[in-house]
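In: Mind folding the following:
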Amino acid sequence: MSAETEKLAIELDEALTDPEAARKMSELLATRGVPDWIDLDDLADLVETNDLLMRTLSEADRGELAVAPPREVPDWLRLGMLSAFTQWVAGEAQTCEHNPRWNGPIPGMAVAWKPGVVACPSCLELHEVSEVENRRCDCCGRITDPSEGIRPVTLSTGILWYRAGACNDCFPFDLAERLRS
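Out: Numbers count the residues shown, from 1 in each chain. Now for the predicted structure:
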């Protein structure tokens, strides 16, 4: 990942988590010329609503879908997804043979454990890892005991789905519980 796309991911994170930055970005978009293919109304709505889908999957609850403000999603998850997204948009990500594009009809699937790789839903085998690596927490790096396992988490920006695995210590239980209520 280039320094420029990493900087863009951080700036995008600021716009999503800081209401004042989101307001300024919305004003900037309204006053500056942008390419015709960008729908300003849709982009302004996206900046103002600031919501990400967070899906927490576990064997116990079989998965729930909830919308969470980005500032409530743990930094390691949100920044990982934004880094994957900016790398993909900049054309720096390796893609599967179907070449999913951020502005195309096929969604991209990225994972924390294979940074820089975006696959279409048909090519998820590109994200496979060994059994031991499958138990590594993407937040703290600890390899969990087979009996403990890893809890998967999925974030979505719409066209990009980002998956990560967390140990019980790093899993955002508080956010998952709040979103259930």
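In: other SSEs contacting the helix or strand where Thr86 lies?
Out: Thr86 belongs to helix 75-89 when assigned by DSSP states H and E. Packing contacts for helix 75-89, counted by 3 or more Cβ pairs under 8 Å, 6 or more residues apart in numbering; DSSP states H and E, involve helix 3-17, strand 108-111, strand 151-156, strand 160-166. All C-beta atoms are positioned from the backbone trio N, CA, C, and that covers glycine.
In: what inclination does it have with respect to strand 160-166?
Out: 150 degrees (axes from the mean of the first three to the mean of the last three Cα atoms, to 10 degrees).
In: Check which element follows helix 75-89 along the chain.
Out: Scanning forward in sequence from helix 75-89 by DSSP H and E, the next helix or strand is strand 94-95.
In: so what strands line up beside that next one?
Out: strand 117-119 (parallel) (DSSP bridges).
In: The residue nearest to Val129 when sequence neighbours are not counted and Gly165, how far apart?
Out: Nearest residue to Val129, sequence neighbours excluded (Cβ to Cβ, 6 or more residues apart in numbering): Trp113, at 5.8 Å. From Trp113 over to Gly165 the distance is 7 Å, taken as Cβ to Cβ, to the nearest Å.
In: In terms of neighbours, single out the busier of these two.
Out: Using other Cβ atoms under 10 Å as the criterion, Trp113 and Gly165 rank with Gly165 on top: 24 against 16.
In: so who does the more buried one touch?
Out: Residues counted as contacts of Gly165 (Cβ atoms under 8 Å, 6 or more residues apart in numbering) are Ala112, Trp113, Asn134, Arg136, Cys137, Asp138, Ile150, Arg151, Pro152, Val153.
In: Skipping adjacent residues, who's closest to Leu82 in space?
Out: Per Cβ to Cβ, 6+ apart, closest to Leu82 is Ala9, 4.2 Å.
In: scratch that, Arg142
Out: Per Cβ to Cβ, 6+ apart, closest to Arg142 is Cys167, 5.7 Å.
In: need the contact list for the one you found.
Out: Cys137, Cys139, Cys140, Arg142, Thr144, Glu148, Ile150, Arg151.
In: ditto for Asp138
Out: Contacts of Asp138 (Cβ under 8 Å, 6+ apart): Trp76, Gly80, Ala112, Trp113, Ala164, Gly165, Ala166.
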